[in-house]
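**Student:** only geometry, no sequence info:
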């Protein structure tokens, strides 16, 4: 059974709320084992455990928090080149739109690429003028339905890719499964 | 008198509207010469002419449009290493929030860095949860006041930096001039 | 049988030479169908055909060439949201080290992310102080053995991931298959 | 007299060696006050002091070190929006070519943009197939003359821009001063 980890750093709770919604979205795909942890609760063992990872950090100065960065630096010596081939995606909450959350998602993906992950974004729209092409970005906490659904969609897509690529459940492919992808879809 | 060029590519008109508001913001600084041109109307002569440049492209596939890219490629052979030291900033309209406009601003800045520009973003907030830290980003066209003011602020900051650094008018420095920078400022 | 496409734009031939070596590397994995095409020879049908894609562009002004960008823009209207779930990686030749090939690989990955690809880099070292963490980067043409091997390694890893994730051949996983990954490995 | 700070984090000494050469380059421009400090020796007062900043971090996992990130986070609350208008550039040492030093320079520039800096790269070539378009990148320590000269050139350009833009010494503009910019120049 495919294993999905939602791992985040959050100080004011916004990125933590995103993590919760992402977990809800992952649970829309049956037969996926899901863990949600903050970096204070997680260890390298959780990274080894998972097949798919949604990684979230607040946007501080246009990139990942020093705490999130230190978490990954802490096991480079022991684990680098030993966890290749996992599937990853990113999410971030910023102070305001235009404040760097896309750049932070890019940085989170860069960290995962460095560890040999295959990373992705979501092509879907979760509502009017709202998408998750390079991970979920948010200003403050997610409040509107399209923002909450954006988080859920990232989690669902992660679970879908884990089901398809790790468990070989090709019926879960988003081009096959027939779940709604855009507000304008019937 | 400092010269500011607002140069853009726009197909559906959204990035073009941003250009208009950016020009309005540049005009808030006295004694700045301002040109607004689409890449269809502009040539390398306009680049040589300006001291400061606001460069805008729609976000297509998370980066600059091929048309905007081709514009800059067209005078690499003749002008590269001959226009160093200009001041630049970026703006972009995307299909939806999270759709790559920050990444497009980053790509526009990369192109300008390659030509020796000094590039900047705006630290100010133009309204609740809205900023222009790496250039102005927009979903669709700017409609809300904070979005319109975000465009104006980028133009104003560009004109301010041109006044300060090119014309030596240190009274126009945003830390000195005393213009409003955030909605929470008195 | 997994299908791998190596697709490139090249004007002076350097990125084209990289494509040739990448194809050699892909061929190190048995039972993979391989196509090498320039964007002049390729169409959207080739994108649909492949399971895995190595995408290469020269570094022009720190990002992808306008030709490469136009290629992808040409089928957005017909194919976007219809090809999600392919596996991708990037390569680029720049004028000099420090000239933007990493940024170009990042831009190529951004384009692929926008189309729903899962993208990756290679954690291995192909020689002393030479790696492909975010795709293969090169100054001019690949001449040294570690540069050529870097290209091959990207192709091999792409074929490995296609074998593992698309064909379910878990014995081809780089953590299992036992192929050499670093010059310091026995 | 223009003030230049070279600020770095270095654990194995490679980025520290780059800092030393960058300081040598800055000293090629007369009448510039120069400080070189590691983040252990520096404080926010040094940031306030300088007109121009060369900021260096080792490349760890494709981006800035957590230590460098924490340094900047430590004075966000007190100093953000209070130091706009300084001039900045970046440098980084990575484990191998292709290992992310360009991405790290981009991240360093993002941090500086967030604080209102104007950031730049160097269009010059310091030797065959070696440039500093987005800051100086290095694998390990700088050993070859073109690598050392690349560092010096970044420092010299920073001092030149400070002289031109802060001190109004337009004779120091690289398009005017007549210093060598490329190995193929007479």
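**Tutor:** Structure's in. What do you need? Computed from a prediction, not measured in an experiment: that's the story for all the values here.
**Student:** was I right about residue A:80 contacting residue A:73?
**Tutor:** No: at 10.3 Å, residue A:80 does not count as touching residue A:73 under the criterion of Cβ atoms under 8 Å. From N, CA and C alone the C-beta is placed, and that goes for glycine too.
**Student:** and the longest helix seen in chain A with chain C, contact?
**Tutor:** With secondary structure taken from DSSP state H, chain A has its longest helix at helix A:145-161. Yes: remark: helix A:145-161 sits within contact range of chain C at residue A:161, by Cβ under 8 Å from any Cβ of the partner chain.
**Student:** neighbouring contacts of the next helix or strand after that helix?
**Tutor:** Following helix A:145-161 in sequence order, the next helix or strand is helix A:174-177 (DSSP states H and E). Here helix A:174-177 makes contact (Cβ atoms under 8 Å, 6 or more residues apart in numbering or on different chains) with A:157, A:160, A:170-171, A:181, C:82, C:84-85.
**Student:** and the residues you listed as a markdown table, adding distance to chain D and pLDDT?
**Tutor:** Output for these, formatted as a markdown table (distance: Cβ to the nearest Cβ, whole Å; pLDDT from 0 to 100):
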| residue | distance to chain D | pLDDT |
| --- | --- | --- |
| A:157 | 23 | 98 |
| A:160 | 27 | 98 |
| A:170 | 32 | 96 |
| A:171 | 35 | 97 |
| A:181 | 31 | 95 |
| C:82 | 31 | 97 |
| C:84 | 25 | 98 |
| C:85 | 25 | 98 |
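**Student:** who wins for neighbours among the residues you listed?
**Tutor:** The most crowded member of those, judged by other Cβ atoms under 10 Å in any protein chain shown, is residue A:157 (30 neighbours).
**Student:** would you confirm that it contacts residue A:89?
**Tutor:** Yes: under the criterion of Cβ under 8 Å, residue A:157 makes contact with residue A:89 at 7.3 Å.
**Student:** and the contacts of helix A:174-177 as CSV, adding distance to residue C:176?
**Tutor:** Listed next are the contacts of helix A:174-177 as CSV, based on distance: Cβ to Cβ, whole Å:
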residue, distance to residue C:176
A:157, 27
A:160, 25
A:170, 22
A:171, 26
A:181, 34
C:82, 33
C:84, 27
C:85, 23
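**Student:** which one of those is nearest to residue D:111?
**Tutor:** residue A:157 (30.3 Å; Cβ to Cβ).
**Student:** find the nearest non-adjacent residue to that closest one, please.
**Tutor:** Take residue A:157 and drop its neighbours on the chain: the residue closest to it by Cβ to Cβ, 6 or more residues apart in numbering or on different chains is residue A:122, 5.0 Å away.
**Student:** quick one: contacts for the closest residue to residue A:167 other than its chain neighbours?
**Tutor:** Nearest non-adjacent residue to residue A:167, counting by Cβ to Cβ, 6+ apart: residue A:2, 4.8 Å away. The contact partners of residue A:2, by Cβ under 8 Å, 6+ apart, come to A:31-33, A:51-52, A:159, A:162-163, A:166-167.
**Student:** residue A:78 now?
**Tutor:** residue A:44.
**Student:** residue A:44 now?
**Tutor:** Counting by Cβ under 8 Å, 6+ apart, residue A:44 has contacts A:74-75, A:78-79.
**Student:** how about 6 Å then?
**Tutor:** By Cβ atoms under 6 Å, 6 or more residues apart in numbering or on different chains, the contact set of residue A:44 is A:75, A:79.
**Student:** give me the pLDDT value at it.
**Tutor:** Per-residue pLDDT puts residue A:44 at 97.
**Student:** for the spatially most central residue of chain A, which residues count as its bridge partners?
**Tutor:** Central residue of chain A (Cα atoms, centre = their mean): residue A:54, 2.6 Å from the mean position. Note on residue A:54: beta-bridge partners by DSSP bridges are residue A:6, residue A:89.
**Student:** look up how far residue A:36 lies from it.
**Tutor:** Separation of residue A:54 from residue A:36 (Cβ to Cβ, to the nearest Å) stands at 9 Å.
**Student:** before we move on, the earlier item: which of the contacts of residue A:2 sit farthest apart?
**Tutor:** A:31 and A:52 (13.4 Å).
**Student:** looking at those two, which has the bigger crowd around it?
**Tutor:** Here residue A:31 and residue A:52 are compared on neighbour count by other Cβ under 10 Å; more neighbours surround residue A:52, at 29 against 11.
**Student:** might you list the low-confidence residue ranges for chain A?
**Tutor:** Within chain A, the set of residues satisfying pLDDT under 70 comprises A:186.
**Student:** can you map out the strands along chain A?
**Tutor:** Listed in chain order, the strands of chain A (DSSP state E) span residues A:2-8, A:32-38, A:52-58, A:87-94, A:118-119, A:122-127, A:130-132, A:136-139.
**Student:** let's have those strands in CSV, adding distance to residue C:16.
**Tutor:** Converted to CSV, those look like this (distance: least, Cβ to Cβ, whole Å):
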stretch, distance to residue C:16
strand A:2-8, 39
strand A:32-38, 43
strand A:52-58, 36
strand A:87-94, 31
strand A:118-119, 26
strand A:122-127, 30
strand A:130-132, 35
strand A:136-139, 37
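**Student:** nearest to residue D:40, of those?
**Tutor:** Between residue D:40 and those, the tightest spacing by Cβ to Cβ is seen for strand A:52-58, at 24.8 Å.
**Student:** write out the residues of chain A neighbouring chain B.
**Tutor:** A:96-100, A:102-103, A:125, A:129-133, A:137, A:139-140 (Cβ under 6 Å from any Cβ of the partner chain).
**Student:** shared neighbours of residue A:54 and residue A:36, anything?
**Tutor:** residue A:6.
**Student:** and residue A:57, how many neighbours?
**Tutor:** Other residues close to residue A:57 by other Cβ under 10 Å number 29.
**Student:** that one against residue A:66, yeah?
**Tutor:** No: judged on Cβ atoms under 6 Å, residue A:57 makes no contact with residue A:66 at a distance of 9.8 Å.
**Student:** the residue nearest to residue A:167 and residue A:29, how far apart?
**Tutor:** Here the criterion is Cβ to Cβ. By it, residue A:2 lies 8 Å from residue A:29.
**Student:** find residues that contact each of those two.
**Tutor:** Joint contacts of residue A:2 and residue A:29 (Cβ under 6 Å, 6+ apart) are residue A:163.
**Student:** I figured residue A:92 hits residue A:106, correct?
**Tutor:** No: using Cβ under 6 Å as the test, residue A:92 is too far from residue A:106 to be in contact (9.7 Å).
**Student:** touching stretch A:46-59 from outside, list them.
**Tutor:** A:2-9, A:15, A:18-19, A:22, A:64-65, A:68, A:87-94, A:99-101, A:104, A:108, A:158, A:162, A:166.
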